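Enquirer: Fold the following, please.
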Amino acid sequence: MPPLIPHFAEIAPRYDVLLCDVWGVVHNGLEAFPAACDALMRARARGAVVVFITNAPRPHESVGRQLERLHVPREVYDAMVSSGDVTRAVITSRPRQSLCHIGPERDHSLFAGLGVKFETLERADYVVCTGPYDDEIEGPEDYRERLQTMLARKLFMVCGNPDVVVERGDKLVYCAGAIADLYQTMGGEVLYAGKPYKPIYEMALALAKQAAGRDIAPDRVLAVGDSVRTDLKGARTMGVDFLFITSGIHAEEVGGRDRPDAKALGSVFAAAGEKPKAVMRSLVW
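Expert: Here you go, the predicted model:
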């Protein structure tokens, strides 16, 4: 069982780069976590480079504006990369193809400046999914009929947010990953644009190298996040250490937000087949 540590300061000196998840670590969709912001600013003051790495299906500039509204200080991070950035790269690589967007209107910034031709499911060349149209009331099963239409046409899907669920306040809401997973189990072809897949980490590490002005050894990189499926798996895929935050989306599975249970944590890690370097309830210096 990895150690449950009370303060990030215990391990911070071991790392030169922090690849930090955003939703669930730095904020919950409604408000920022001041202690987490403080911890990251203190790490930066000691010389660490902080790169936010998020599965938000929007360009990082749009995510940055959201962070401003939530009162996350700009001094908390050096750079940011989003799954929206990766998705835009995929769209750019298909310049003459039309797409159907499955997702809420707030994600339309994803397509800004790309000259995208939008079509219906019956006419599109491929699909970009950024989540349910209404994540307050919809889940993946609400999309089964649309997915059957896609499958019949053998449409390729780009999943702009591989998260299955995310916290909004104290509620869990479905993300694009839940719809994409269902499509994949039905036999559909899916490209997952964010964590835990390599392209988003390669972008993040390139930004870290640029900010640091030098190469960074993998053993000096720490990923921080609250998801076993995306954050832990992604860190292991890239061969870097991982700090697991228990008060995020797995809180109920591991015994609650305030007092995670060691046995429950062990079960979660056993099911994942991976272990983090350390565990914290929340990110606190």
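Enquirer: Ramachandran coordinates for Pro73?
Expert: Here is the backbone geometry of Pro73 (degrees, to the nearest 10): phi -60, psi 140.
Enquirer: Leaving out sequence neighbours, find the closest residue to it.
Expert: Nearest in space to Pro73, with sequence neighbours left out and distances taken as C-beta to C-beta, 6 or more residues apart in numbering, is Cys37 at 6.0 Å. C-beta here means a position set from N, CA and C on the backbone, and glycine is covered the same way.
Enquirer: Flag every buried residue along the helix or strand encompassing the one you found.
Expert: Using DSSP states H and E, Cys37 maps to helix 34-45. Within helix 34-45, the residues scored as buried using 16 or more other C-beta atoms under 10 Å are Ala36, Cys37, Asp38, Ala39, Leu40, Met41, Ala43, Arg44.
Enquirer: Same question for stretch 152-164.
Expert: So, applying 16+ other C-beta under 10 Å, buried residues of stretch 152-164: Leu155, Phe156, Met157, Val158, Cys159, Gly160, Asn161, Pro162, Asp163, Val164.
Enquirer: Span of that stretch from start to end?
Expert: Stretch 152-164 has an end-to-end distance of 24 Å (criterion: C-alpha to C-alpha, to the nearest Å).
Enquirer: so which of the buried residues of stretch 152-164 comes closest to Ala270?
Expert: Taking C-beta to C-beta as the measure, Ala270 sits nearest to Val164 out of the buried residues of stretch 152-164, at 19.4 Å.
Enquirer: list the contacts for that closest one?
Expert: For Val164, the contact set (C-beta atoms under 8 Å, 6 or more residues apart in numbering) comprises Tyr174, Cys175, Gly177, Ala178, Asp181, Arg229.
Enquirer: possible to save those residues as TSV with distance to Val268?
Expert: TSV is the format used below for the contacts of Val164 (distance: C-beta to C-beta, whole Å):
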residue	distance to Val268
Tyr174	20
Cys175	19
Gly177	18
Ala178	19
Asp181	18
Arg229	10
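Enquirer: Looking at the residues you listed, which are in strands?
Expert: Tyr174 (DSSP state E).
Enquirer: between the contacts of Val164, which is closest to Gly64?
Expert: The closest of the contacts of Val164, once distances to Gly64 are taken by C-beta to C-beta, is Cys175, at 19.7 Å.
Enquirer: I'd like to know how far the closest one sits from Leu222.
Expert: Note on Cys175: its distance to Leu222, by C-beta to C-beta, to the nearest Å, is 24 Å.
Enquirer: Ok, Asp107 next?
Expert: Using C-beta to C-beta, Asp107 is found at 30 Å from Leu222.
Enquirer: can you map out the helices along this structure?
Expert: 34-45, 60-69, 83-92, 144-152, 176-185, 198-212, 233-238, 262-272 (DSSP state H).
Enquirer: looking at these, which one has the lowest mean pLDDT?
Expert: Within the helices of the chain, confidence is poorest for helix 262-272, with a mean of 77 (mean pLDDT).
Enquirer: What is that one packed up against?
Expert: Helix 262-272 sits against no helix or strand, with contacts defined as 3 or more C-beta pairs under 8 Å, 6 or more residues apart in numbering; DSSP states H and E.
Enquirer: I figured Pro132 was touching Tyr143, is that so?
Expert: Yes: between Pro132 and Tyr143 there is a contact under C-beta atoms under 8 Å: 7.3 Å.
Enquirer: Remind me what the helix holding Cys37 packs against, helices and strands.
Expert: Helix 34-45 packs on strand 17-20, strand 49-54, going by 3+ C-beta pairs under 8 Å, 6+ apart.
Enquirer: Please write out the alpha-carbon positions of that helix in CSV.
Expert: Taking C-alpha atoms only, helix 34-45 is exported to CSV below (Å, rounded to 0.1, in the frame of the first residue of the first chain):
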residue,chain,number,x,y,z
PRO,A,34,-7.3,27.4,-2.2
ALA,A,35,-5.0,24.9,-0.4
ALA,A,36,-4.3,23.2,-3.7
CYS,A,37,-3.5,26.5,-5.4
ASP,A,38,-1.2,27.4,-2.5
ALA,A,39,0.6,24.1,-2.7
LEU,A,40,1.3,24.5,-6.4
MET,A,41,2.4,28.1,-6.0
ARG,A,42,4.8,27.0,-3.3
ALA,A,43,6.2,24.2,-5.5
ARG,A,44,6.8,26.7,-8.3
ALA,A,45,8.5,29.1,-5.8
